[in-house]
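Enquirer: only geometry, no sequence info:
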């Protein structure tokens, strides 16, 4: 079984997220989503989320492409996760291109997928703030 992993906040879940998850799952047989915890988002990423970790996890678990949701608690856990979950392919959006190439040393393929250009959580928040 080929295992794929991706990481993110997945707040205000939208069709761009679904596209990423669908394409990530197509690269293997089992998709793991490492979901940023509330603490990691607020303290380390300086992001404010609308939905709590538990709510975002519930949403992701309902998506047919997702097989397992785990907590992402810090930037450094990625190396360990590759081995702990026997990951074959690491996937992120192409706005992160090159940032995780060091994971190739852990024996995994690193893939950066193009984002859905016309949608983003940041754009949704900006649009809502204008109204």
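Expert: Received, thanks. Quick caveat, the model's predicted, so the values are computed rather than measured.
Enquirer: could you pull out the strands for this structure?
Expert: Listed in chain order, the strands of the chain (DSSP state E) span 3-8, 30-36, 68-72, 89-93, 109-113.
Enquirer: just put those in TSV and tack on mean pLDDT, mean neighbour count and distance to residue 46.
Expert: Backbone N, C-alpha and C define where each C-beta goes, glycine included. Rendered in TSV, the data for the strands of the chain read as follows (pLDDT from 0 to 100; neighbours: other Cβ atoms under 10 Å; distance: least, Cβ to Cβ, whole Å):
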stretch	mean pLDDT	mean neighbour count	distance to residue 46
strand 3-8	98	23	15
strand 30-36	98	22	12
strand 68-72	98	17	15
strand 89-93	97	22	19
strand 109-113	98	17	23
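Enquirer: tell me which of these lies nearest to residue 119.
Expert: Between residue 119 and those, the tightest spacing by Cβ to Cβ is seen for strand 89-93, at 11.8 Å.
Enquirer: strands paired with the closest one, and their directions?
Expert: Using DSSP bridges, the neighbouring strands of strand 89-93 in the sheet come out as strand 3-8 (parallel), strand 109-113 (parallel).
Enquirer: out of the strands of the chain, flag the one nearest residue 62.
Expert: Ranking the strands of the chain by their distance to residue 62 (criterion: Cβ to Cβ) puts strand 68-72 first, at 10.3 Å.
Enquirer: re earlier: how about TSV for the strands paired with strand 89-93, with distance to residue 83 added?
Expert: Shown next, in TSV, are these (distance: least, Cβ to Cβ, whole Å):
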stretch	distance to residue 83
strand 3-8	11
strand 109-113	15
